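Visitor: no sequence on this one, just coordinates:
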C-alpha cells in the first residue's frame, strides 16, 4: 500500500484529496503546514507527498527543500493558477519537487473532481518512480540551499546577465559558424510574422547549416532540462525546440528561467516566428508547436490548438513529427523523464528521417515511462544518463553518432 502525505492548510483540500487517495487504496496522513510536513516525512515515511505552495509557518517551497535534504520522497506540488503561484511552483521544482498540478479556480472548466482524479493518477505514477533518482533530487536541493546562502557573490562564468554554458568551449560542428551575439529579444535579419503564407523576405541571404534539436520531457523534466541547457555548448549553434508538459501560464516563466541559465536565447514560442542558430523555443502550455518550414538554415514556427495527443497539448510527437518532415539535415530528437507514451512516435519519425535519437536512461529518470516507450520502438540510437545527454548530442553532430574509441 502506497503511503501518501497530503499537505495543505485548507481542511477542505486535505479532506477531499485525502478521501480520493484513500478510496484509491492508498494510506493517507495529513499535515496543515510545511513544518508538520517536515516532521511527518521522517516519522510517516511517505512514498509520495502532495504539497500546497502557500501555507502559514512554513510554506511549501521551504518544506520541499527541507524534506529533499533529510527524507527525500517524490513531491507533487498543488499550485494556484496565478503569476505568483507559477513562480513559486517553479521554485519548488528547482528545489526537488517532481511534478505539479493546478488547483481549479473557476477560470476554466476544471473542477475539484478533475483535480482529485489527476492527483490519484499522478500519485500512482510517482509511487513507481525509480528511487535511485531521489539522491539526485536531494543533491539538487542541497546545491540550491548552498547557492542561496552564498547569494550576493557574483557567479563565475556570467557575462551581461547571461550564464555561460558549460561543456566543451571548442566544439567543432560540421560546416562554418555564424558570428555575432544575439540578445533575448533580438533576431538580426529575422522578423517574426503571424502570416500564414510563407515569407522568407526577411531572412538573411546566407546562413550557416546548424543542427536542430527537438527535446521532449514531462514529469521530473524541468530541473533536468535546466541543467542540460546550462551545459549545452553555444559553439554548437543549435536550433532547439522544447516540449515540456506544462499548462499555460507556466511555460513563459519556465522559458525565462531557462534563459537565465543558458548561453542560448530562450523564449516561449510565438506563431510565425523564425528560430535561428543559438535560439531555444519552448512550446506554450496548451498549444502544439510545429515546424512549418525550413529556409536559409532557420525554422519557421507554427502554433496550433489541435486535438490533444495522448491526452496532452503540447505534444512531443507533434513537434518531432513536423521537424522530421521539414528539417533537411542535422536533426536530433531527445526524450527525457516523464509519464506516458508521448514522444515514441516522434522518435520513430526522426529516426526514419535519418536523424539521431537519444533517450534518458532508467537510473536517472524520476519516471521512466516516456524514455522507456521510445526505447521499445527500437529507434533510439543512444541511451544516456541525465548528465550524459549533452555529450550524446554533441557526439551526434561531431562524430555522426560514433565514438572514436
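Guide: It's in. Fair warning: this is a prediction, and the values are worked out from it, not measured in the lab.

Visitor: distance of residue 17 from residue 28?
Guide: Counting by CB to CB, to the nearest Å, the gap from residue 17 to residue 28 is 8 Å. Any C-beta I mention is one placed from the backbone N, CA and C, and that applies to glycine too.

Visitor: what's the answer for residue 230, then?
Guide: Between residue 230 and residue 28 the distance is 38 Å, computed by CB to CB.

Visitor: so for those two, which sits in the more crowded spot?
Guide: residue 28 (21 against 18; other CB atoms under 10 Å).

Visitor: pLDDT score assigned to residue 288?
Guide: Confidence at residue 288, expressed as pLDDT, is 98.

Visitor: might one say that it is in contact with residue 317?
Guide: No: the criterion here is CB atoms under 8 Å, and residue 288 misses it with residue 317 at 9.5 Å.

Visitor: joint contacts of the two?
Guide: residue 309 (CB atoms under 8 Å, 6 or more residues apart in numbering).

Visitor: can you give me the strands in the stretch 1-150 of the chain?
Guide: In the stretch 1-150 of the chain, the strands defined using DSSP state E, counting those that start in this stretch lie at 3-7, 27-31, 48-52, 75-79, 99-102.

Visitor: check the stretch 151-300 of the chain too.
Guide: Taking DSSP E, counting those that start in this stretch as the criterion, the stretch 151-300 of the chain carries its strands at 158-159, 162-163, 212-217, 239-244, 265-268, 274-275, 279-282, 288-295, 298-304.

Visitor: what pairs with the third one, parallel or antiparallel?
Guide: Okay, so that is strand 212-217. strand 239-244 (parallel), strand 331-335 (parallel) (DSSP bridges).

Visitor: and that strand, what's its mean pLDDT?
Guide: 98.

Visitor: can you tell me how far residue 50 is from residue 22?
Guide: Shown here: residue 50 relative to residue 22, a distance of 13 Å by CB to CB.

Visitor: more crowded one of these two?
Guide: residue 50 (29 against 13).

Visitor: contact partners for the more buried one?
Guide: Neighbours of residue 50 in contact, by CB under 8 Å, 6+ apart: 4, 5, 6, 7, 8, 17, 75, 76, 77, 78, 119, 123.

Visitor: tell me the one of the residues you listed nearest residue 294?
Guide: Nearest to residue 294 among these: residue 77, at 38.0 Å, using CB to CB.

Visitor: what about the residue nearest to that closest one when sequence neighbours are not counted, how many neighbours?
Guide: Nearest residue to residue 77, sequence neighbours excluded (CB to CB, 6 or more residues apart in numbering): residue 100, at 3.8 Å. A count of neighbours around residue 100, defined by other CB under 10 Å, yields 26.

Visitor: count the residues that sit near residue 364.
Guide: Per other CB under 10 Å, the neighbour tally for residue 364 reads 22.

Visitor: that one touches residue 386, doesn't it?
Guide: Yes: the criterion here is CB under 8 Å, and residue 364 meets it with residue 386 at 4.1 Å.

Visitor: hmm, back to that, ok, so of the contacts of residue 50, who is nearest residue 87?
Guide: Closest to residue 87 out of those is residue 77 (12.2 Å), distances taken as CB to CB.

Visitor: show me the helices in this protein, by range?
Guide: Here the chain has its helices, by DSSP state H, at 11-23, 34-43, 60-70, 83-94, 112-126, 134-149, 221-231, 251-261, 316-326, 344-352, 369-375, 389-398.

Visitor: nearest spatial neighbour of residue 306, chain-adjacent residues omitted?
Guide: For residue 306, ignoring the flanking residues on the chain, the nearest one in space by CB to CB, 6+ apart is residue 288 at 5.4 Å.

Visitor: cheers, nothing more for now.
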